[in-house]
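Colleague: got a structure for you, letters missing:
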DNA sequence: CGTCGTTTTGATGAGCCTCAAGGTGTGTGG
DNA sequence: CCACACACCTTGAGGCTCATCAAAACGACG
């Protein structure tokens, strides 16, 4: 398994061979988690970091009456802090959307890592900032994009994020979540997601079949979605989705 | 002007007298900004921190066709990083919603501060995490709360955040933004906000007149909004809005 | 006293939800 | 190997929430 974490962090700035080595060492044993199960966290060191190496996960919150909102997607290569706060109860949950392979960097190891390598320190810091930025963009999507724009925007974002860790091929990537999950992420019902998907297909912009997403017209999709990848904050400038697909 | 920043940070953990003193020193000269003007940032040290001491501001993003989404509110006592990223262009803007008084802590001063005081370091860290949590909650609001729930939730959140910095009196606080701003924050039109406001008033839950918000039934409002203040992550446990009002 | 930003009201229609049922695919057990 | 179950996707009909457009009332301020 080529390490998606390294690929990810590299997009925020250069890493030395030593950095890569240290990072590989710090990643402890891998753990398998089944789809549709919460990734629970035993009493957790706030400095520790978990990483999804394979599969998709999400953060979600649930209202008392059962309504669920997926507030972010966690893709291969994404580190995530499982602990929102030291003394507080968890205010949201993390859940595997597909079978997931996790690695865990202990708090002490993490501290060593960032102390030894300014590059890694910087990269992790940027990761945090980029996540905040993505969260803001989701707020924008839910606040002022229409149904079809939201869906198109999510496809653009996911494709771009997967491209960065080398998980796209031509204009295709894996897209293994259900329409129900999409609905919970985009603030709509699965029925309506289904209809909107058909519109996108009819417009010749994408196909989504058998957990595979293909972008037939990345630029058109980005235009429809008002997608501007700047908010992803990768330093290497991949100006547009088209470039990602062409590469 | 009693310092709302100190009051805010104290809610994340205890501060010593020395902490308070250092912090007061670090806050440089104050700056006035007129309402409805962007708070622009000259080439900015990424470690620097700005603080709103008085007035309300917001972060917003705008789509190419003009649609605006307010992604967060910045209230008195809220520190905010003006720099999303060092080398990147700004991916969102910060704007004064009312006349605002700002203070600025230079990067070097900030570094001294956190190096000298573990308390302050911890408090600022928690502030960052709390902000991320608030952003997630906004995602939930936009994704799965109805119009009236959204509005009620925002009122609860704002009241709780203002209570923490001592800016509420009985069950009343200042609420100086227009229905248009509310609309841009909650992903609706001002027309519909207006009608929803009337519903809240008719239900006897609030009054909002002359920039003053009064909660007549905080518990009822919280119930309607599915408001659970845990996501604000103040360490002192003010279990519910009611307690805030009664105090 | 007039101007301008803000709030309020009305009428109409689009977007999305709800409920309900039928279709498709995949894995499982007999 | 077939039959069944179950999860997921798809389709239809009807209704509610909210947007849009337009205009009137209100209020603060010069």
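Modeller: Here it is on my side, so go on. None of these values were measured; they are calculated from a predicted model.

Colleague: Against DNA strand C, how distant is residue A:126?
Modeller: Distance, residue A:126 to DNA strand C, using CB to the nearest atom of the strand, to the nearest Å: 33 Å. Yep, even glycine has a C-beta here, placed from its N, CA and C like the rest.

Colleague: Test my guess that residue A:50 contacts residue A:82.
Modeller: Yes: assessed by CB atoms under 8 Å, residue A:50 is found in contact with residue A:82 at 5.5 Å.

Colleague: so what sits against both of the two?
Modeller: The contact sets of residue A:50 and residue A:82 overlap at residue A:39 (CB atoms under 8 Å, 6 or more residues apart in numbering or on different chains).

Colleague: Mind listing residues that contact the helix or strand of chain A with the lowest mean pLDDT?
Modeller: Using mean pLDDT, DSSP states H and E, the weakest-scoring helix or strand in chain A turns out to be helix A:241-246, at a mean of 70. For helix A:241-246, contacts defined as CB under 8 Å, 6+ apart pick out A:156, A:159-160, A:163, A:168, A:170-171, A:215, A:218-219, A:221-222, A:227, A:229, A:238.

Colleague: Also stretch A:125-141?
Modeller: A:8-9, A:12-13, A:71-72, A:79, A:149-150, A:153-154, A:157, A:186, A:231-234, B:59, B:61, B:63, B:69, B:71-72, B:84-85, B:91-92, B:131-132, B:135-136, B:138-139, B:142.

Colleague: What subset of those is buried?
Modeller: Buried subset of the contacts of stretch A:125-141 (neighbour count, 16 or more other CB atoms under 10 Å in any protein chain shown): A:8-9, A:12-13, A:71-72, A:79, A:149-150, A:153-154, A:157, A:186, A:231-234, B:59, B:61, B:69, B:71-72, B:84-85, B:91-92, B:131-132, B:135-136, B:138-139, B:142.

Colleague: Please determine whether stretch A:129-143 lies in contact with DNA strand D.
Modeller: No: legend: contact between stretch A:129-143 and DNA strand D by CB under 7 Å from any atom of the strand is lacking; minimum distance shown is 9.2 Å.

Colleague: How about that stretch and DNA strand C, any contact?
Modeller: No: Stretch A:129-143 lies out of reach of DNA strand C by CB under 7 Å from any atom of the strand, never closer than 10.5 Å.

Colleague: same question, stretch A:214-225
Modeller: No: Stretch A:214-225 lies apart from DNA strand C when judged by CB under 7 Å from any atom of the strand; the minimum separation is 13.1 Å.

Colleague: and that stretch, which residues are buried?
Modeller: Buried residues in stretch A:214-225, counted by 16+ other CB under 10 Å: A:214-215, A:217-218, A:220-222, A:224-225.

Colleague: Repeat that for stretch A:105-120.
Modeller: Quick answer for stretch A:105-120 (16+ other CB under 10 Å): A:105, A:109-110, A:113-114, A:117, A:119-120.

Colleague: from the residues you listed, which is closest to residue B:35?
Modeller: Closest approach to residue B:35 among the buried residues of stretch A:105-120 (CB to CB): residue A:114, at 41.4 Å.

Colleague: And the closest one, how far from residue B:166?
Modeller: Residue A:114 sits 37 Å away from residue B:166, going by CB to CB, to the nearest Å.

Colleague: got the angle between the longest helix along chain A and helix B:118-144?
Modeller: Longest helix in chain A by number of residues (criterion: DSSP state H): helix A:118-144. Orientation check (axes from the mean of the first three to the mean of the last three CA atoms, to 10 degrees): helix A:118-144 against helix B:118-144 gives 30 degrees.

Colleague: mind giving me the domain ranges of chain A?
Modeller: A:4-127, A:145-246 (automatic domain parsing).

Colleague: any residue of the last one up close to DNA strand D?
Modeller: Yes: in terms of CB under 7 Å from any atom of the strand, part of domain A:145-246 sits within range of DNA strand D, namely A:178-180, A:190-191, A:194-195, A:197-198.

Colleague: Can you say which of those are buried?
Modeller: In the residues of domain A:145-246 next to DNA strand D, burial by neighbour count holds for A:179, A:197, counting by 16+ other CB under 10 Å.

Colleague: would JSON lines of the residues of domain A:145-246 next to DNA strand D with secondary structure be doable?
Modeller: What follows is the residues of domain A:145-246 next to DNA strand D, written out as JSON lines (DSSP: H, G, I helix; E, B strand; the rest coil):
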{"residue": "A:178", "secondary structure": "coil"}
{"residue": "A:179", "secondary structure": "helix"}
{"residue": "A:180", "secondary structure": "helix"}
{"residue": "A:190", "secondary structure": "helix"}
{"residue": "A:191", "secondary structure": "helix"}
{"residue": "A:194", "secondary structure": "helix"}
{"residue": "A:195", "secondary structure": "helix"}
{"residue": "A:197", "secondary structure": "helix"}
{"residue": "A:198", "secondary structure": "helix"}
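
Colleague: Done for today, thanks.
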